[in-house]
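Chemist: model this:
(one chain, ligands or ions: 1)
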Amino acid sequence: MNYKRDILFLEPIFQERIWGGTKLADEFGYEIPSELTGECWAVSGHPNGQSIIKNGPFEGMALGDLYVEERDLFGNYDSEKFPLLTKILDANQDLSVQVHPNDEYAHAHENGELGKTECWYVIDCEKDAEIIFGHTAETKEEFVARIEKGEWNQLLTRVSVKPGDFFYVPSGTIHALCSGVLILETQQSSDTTYRVYDYDRKDKEGNARELHIEKSIDVSTIPHTNVNVTPEFFEQDGTKVTTYVNAEYFSVYKWDVIGSFESVQDKHFLIGSVIEGSGEVKLDGATHPLKKGDHFIIPFGAGEFTIEGDLQLIVSHP
Ligand code: ZN
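Modeler: As a prediction, this is how the structure comes out:
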């Protein structure tokens, strides 16, 4: 077989956060650095935490370096840096209320970073779990006045969530995960977050986390525009394919595989994350086992492949 078409499995890296917990170990069996582990960077070429290739001739390489050196594996995609970042987030506590810049603003103000449009698939959550998604201000004056007076309850819109929900979060959207939510996030490869409000929390040393009020006001979409998406479904041989979003930066799907599912890799590259169950993937005569918590990339030109078993995957491509 052509080794350049084989599937690349990825070793995630983990980020400790004050709002993190232990679900990444409890639910996915990952070895986490502490009981305050918030983020699994599962498919990442970002310099703040790159995933490492686990198999094949590129074993041991960081994804961002592989992307630069072997661009044909990624169909010579038109971006200098690996464009996407897939994470699993365990919000054991509320995250800060935040907003991300678009490409133009990030490029000008954050050393050439990409902007950050993201989306969330809710893997699991507690009963009555909520997120913050959007705000009530009609004008910038109202937005600023509410922030200055600390009228957070009036300003922030809370939305209840349940497992299987999907949210598309374009740059400029005021948002926060709240406690008890476990999500898979697909986003632009960016680590730029502007914090608007952190619930006046202090860390162990008694310090509050830095806020970025001016930049938040600069980049927030006012009034909030709701761009929630309507999933589309089709079924093939017992497998249900859900399309959540086909947007500017990424397309995201869920595959509920039962039995055998045949597909064709005809994108620049395809990212897969197993969020439930187990099985195997067959490509070009090679078979790889798949289990919950595995993340992989099917490179450019791989062609036909088959996934077998009883498993759920979140799949994306740029
Ligand atoms: Zn965010």
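Chemist: P12: what's it in contact with?
Modeler: For P12, the contact set (C-beta atoms under 8 Å, 6 or more residues apart in numbering) comprises 30, 40-44, 51, 295. Heads up, the C-betas are built off the backbone N, CA and C, glycines and all.
Chemist: And it, its phi and psi?
Modeler: phi -70, psi 160 (degrees, to the nearest 10).
Chemist: Take the contacts of P12 and keep only those in strands.
Modeler: 40-44, 295 (DSSP state E).
Chemist: just the buried members of these?
Modeler: 40-44, 295 (16 or more other C-beta atoms under 10 Å).
Chemist: Bridging across strands, which residues link to W41?
Modeler: The partner list for W41 in beta bridges (DSSP bridges) reads I13, K87.
Chemist: quick one, domains of the chain?
Modeler: Following automatic domain parsing, the chain resolves into domains at 8-219, 232-317.
Chemist: Could you work out which of the ones you listed reaches nearest to N226?
Modeler: domain 8-219 (6.5 Å; C-beta to C-beta).
Chemist: With adjacent residues omitted, what lies nearest to W152?
Modeler: Y197 (5.8 Å; C-beta to C-beta, 6 or more residues apart in numbering).
Chemist: show me what contacts that neighbour?
Modeler: 96-97, 147, 152, 156, 211.
Chemist: Let's see that with 10 Å instead.
Modeler: Listed by C-beta atoms under 10 Å, 6 or more residues apart in numbering, the contact set of Y197 reads 96-98, 132, 147, 150, 152, 155-156, 174, 176, 211, 213, 216.
Chemist: would you turn those into a markdown table with neighbour count and pLDDT?
Modeler: Listed next are the contacts of Y197 as a markdown table, based on neighbours: other C-beta atoms under 10 Å; pLDDT from 0 to 100:
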| residue | neighbour count | pLDDT |
| --- | --- | --- |
| S96 | 21 | 94 |
| V97 | 22 | 97 |
| Q98 | 21 | 97 |
| I132 | 24 | 97 |
| I147 | 20 | 96 |
| G150 | 11 | 95 |
| W152 | 16 | 96 |
| L155 | 22 | 98 |
| L156 | 19 | 98 |
| I174 | 26 | 97 |
| A176 | 24 | 97 |
| L211 | 17 | 93 |
| I213 | 14 | 94 |
| S216 | 22 | 95 |
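Chemist: that older thread, turn the domains of the chain into CSV, columns for distance to T225.
Modeler: Output for the domains of the chain, formatted as CSV (distance: least, C-beta to C-beta, whole Å):
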stretch, distance to T225
domain 8-219, 8
domain 232-317, 14
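Chemist: returning to what we had before: specify the beta-bridge partners of the residue nearest to W152.
Modeler: V97.
Chemist: By residue count, what's the longest helix in this protein?
Modeler: Taking DSSP state H as the criterion, the chain has its longest helix at helix 140-149.
Chemist: May I see the buried residues of stretch 117-128?
Modeler: 117-125.
Chemist: Looking at those residues, which are in strands?
Modeler: Filtering the buried residues of stretch 117-128 for strands - DSSP E - leaves 118-125.
Chemist: farthest pair in these?
Modeler: E118 and D124 (18.6 Å).
Chemist: got the contact list for the host helix or strand of R158?
Modeler: Per DSSP states H and E, R158 falls inside strand 156-160. Residues outside strand 156-160 that contact it (C-beta under 10 Å, 6+ apart): 97, 125, 127-136, 146, 165, 167, 174-176, 178, 196-197, 224, 226, 228.
Chemist: again, but for stretch 200-214
Modeler: 18-19, 93-94, 96-99, 144, 147-148, 150, 152, 192-199, 218-219.
Chemist: measure it end to end?
Modeler: 18 Å (C-alpha to C-alpha, to the nearest Å).
Chemist: What does the pLDDT read for the residue nearest in space to the middle of the chain?
Modeler: With distances taken as C-alpha atoms, centre = their mean, the residue of the chain nearest its centroid is E185 (2.1 Å). What the model reports as pLDDT for E185 is 98.
Chemist: which residue ranges form the helices in this protein?
Modeler: Using DSSP H, helices in the chain cover 23-26, 63-69, 103-109, 140-149, 152-155, 213-219.
Chemist: could these be laid out in a markdown table, adding distance to I258?
Modeler: Converted to a markdown table, those look like this (distance: least, C-beta to C-beta, whole Å):
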| stretch | distance to I258 |
| --- | --- |
| helix 23-26 | 26 |
| helix 63-69 | 30 |
| helix 103-109 | 39 |
| helix 140-149 | 47 |
| helix 152-155 | 44 |
| helix 213-219 | 43 |
